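Undergrad: Build me a model:
(one chain, ligands or ions: 2)
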Amino acid sequence: MNQNELKKSLAKLPLGEIKYFDSTGSTNDEALAWAAGDAKDMSLVVADEQTAGRGRLDRKWFTPPGTALAFSLILRPTPNEKPYLSRIVGLAALSVAEPLVRRGLSARIKWPNDVLLNECKVAGILTESVWSGDQVDCVVIGIGVNILKGSTPLQARLEFPATSLEDALGQPVERVEVLRDILAALVSLRPQLHTDKLMTKWEELLAYRGRQVQVETGGHGSITGMVTGLERDGSLQLRAEDGKLRTVRFGDVRLRPFA
Ligand code: ATP
Ligand code: BTN
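TA: Ligands and ions are numbered 1, 2, ... in the order given. Below is the predicted model:
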């Protein structure tokens, strides 16, 4: 992967500028700094290796060189998109999952920010915002995908099982092809951000639908219930053991299959 190859492969997509790094701390950090400056909508930061890749709440995301996709896309939301920013993580997850489904894989979205293949994590998403006063100016969508076998960290370092696209397909794939598919999906889904159609697609690919899960809510215990669907803002809906519907909002929450 290099800047020229990327530019050539992504030339047909309506992107802003592209920055490529052989190695960087975190593409989200590069993108946040760029977004706070003059980055255009749909500008892209890609790295072959991340030395300080982040998940939510500063948990680590591993991106060894030569094997994984790590990139961050800068969105400058339009006034029409601003009421729907809580759906952007779903837009991103669908953009990763739909092309995998088109490859014949049964990709599922583990709410709120992971994509699973065979119940193992193949991709993670970290969305972060740049504010201007009380308004969101930019959203950075950071996506990490395990492409080749060597990208999957040792299980001992993880709290949830991981896999790679090569493991699931039984053959290696070109990283740039996967990147192009994800970005093309995002370009075509973005105009649906405000629609029920987007929410239906997101719900259809939700992992554990109809199954019991446990959601740990950082420091406040956990909720157990059956996944029933999503609220309009993208919050998760569960039917608790007492039969009542409960809403799990974004934040310090971790979802696990239960029993
Ligand atoms: P969880 O995955 O535990 O449900 P999460 O989706 O909220 O939680 P984060 O807390 O954002 O994930 O942190 C990322 C987590 O992903 C880390 O805790 C680590 O265990 C795991 N991880 C790191 N790198 C990879 C990778 N390349 N592939 C799969 N999982 C990874
Ligand atoms: C998660 O699983 O919780 C989210 C992981 C997000 C990882 C991606 S890799 C590209 C971008 N840069 C980062 O430091 N994080 C995101």
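
Undergrad: Just the C-alpha atoms of the helix or strand harbouring residue 189, please, in PDB.
TA: Assignment of secondary structure by DSSP states H and E places residue 189 within helix 175-189. Taking Å, rounded to 0.1, in the frame of the first residue of the first chain, the C-alpha atoms of helix 175-189 are listed here in PDB:
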ATOM      1  CA  ARG A 175      -6.600  -4.400   1.500                       C
ATOM      2  CA  VAL A 176      -7.200  -1.600  -1.000                       C
ATOM      3  CA  GLU A 177     -10.200  -3.500  -2.500                       C
ATOM      4  CA  VAL A 178     -11.800  -3.800   0.900                       C
ATOM      5  CA  LEU A 179     -11.200  -0.100   1.600                       C
ATOM      6  CA  ARG A 180     -12.800   0.800  -1.800                       C
ATOM      7  CA  ASP A 181     -15.800  -1.300  -1.000                       C
ATOM      8  CA  ILE A 182     -16.300   0.200   2.400                       C
ATOM      9  CA  LEU A 183     -16.000   3.800   1.100                       C
ATOM     10  CA  ALA A 184     -18.300   3.100  -1.900                       C
ATOM     11  CA  ALA A 185     -20.900   1.700   0.500                       C
ATOM     12  CA  LEU A 186     -20.600   4.700   2.800                       C
ATOM     13  CA  VAL A 187     -21.000   7.100  -0.200                       C
ATOM     14  CA  SER A 188     -24.200   5.300  -1.200                       C
ATOM     15  CA  LEU A 189     -25.700   4.900   2.300                       C
END
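
Undergrad: Just the closest residue of this protein to ligand 2, please.
TA: As assessed by CB to the nearest ligand atom, ligand 2 sits closest to residue 124 within the chain, at 2.2 Å. All C-beta atoms are positioned from the backbone trio N, CA, C, and that covers glycine.

Undergrad: In contact with whichever residue of the chain sits closest to ligand 1, which residues?
TA: Nearest residue of the chain to ligand 1: residue 55, at 2.4 Å (CB to the nearest ligand atom). Residues in contact with residue 55 (CB atoms under 8 Å, 6 or more residues apart in numbering) are 61, 124, 126.

Undergrad: What's opposite the second one in the beta bridge?
TA: The reference is to residue 124. Under DSSP bridges, the beta-bridge partners of residue 124 are residue 114, residue 144.

Undergrad: How confident was the prediction at it?
TA: Here the pLDDT value assigned to residue 124 is 98.

Undergrad: ok, how many other residues are close to it?
TA: By other CB atoms under 10 Å, 24 other residues sit near residue 124.

Undergrad: how close does it get to residue 158?
TA: Separation of residue 124 from residue 158 (CB to CB, to the nearest Å) stands at 11 Å.

Undergrad: next one: residue 212
TA: Following CB to CB, the distance that separates residue 212 from residue 158 is 22 Å.

Undergrad: what does residue 235 give?
TA: 26 Å.

Undergrad: Equivalent analysis for residue 215, please.
TA: Residue 215 is 19 Å from residue 158, by CB to CB.

Undergrad: more neighbours, those two?
TA: A count of neighbours by other CB under 10 Å puts residue 215 above the other of residue 215 and residue 158, at 20 against 14.

Undergrad: low-scoring pLDDT stretches of the protein, where are they?
TA: Where the chain drops to pLDDT under 70, the residues are 259.

Undergrad: Which positions in it make contact with ligand 2?
TA: 26-28, 50, 53-56, 61, 70-72, 113-114, 124-126, 142-144 (CB under 6 Å from any ligand atom).

Undergrad: can you count the residues close to residue 101?
TA: If we define neighbours as other CB under 10 Å, then residue 101 has 14 of them.

Undergrad: one step back: beyond the helix holding residue 189, next helix or strand please.
TA: Remark: after helix 175-189, the chain's next helix or strand is helix 196-204, criterion DSSP H and E.

Undergrad: Which strands or helices does that following helix pack on?
TA: Helix 196-204 sits against helix 88-102, strand 222-230, with contacts defined as 3 or more CB pairs under 8 Å, 6 or more residues apart in numbering; DSSP states H and E.

Undergrad: That'll do, ta.
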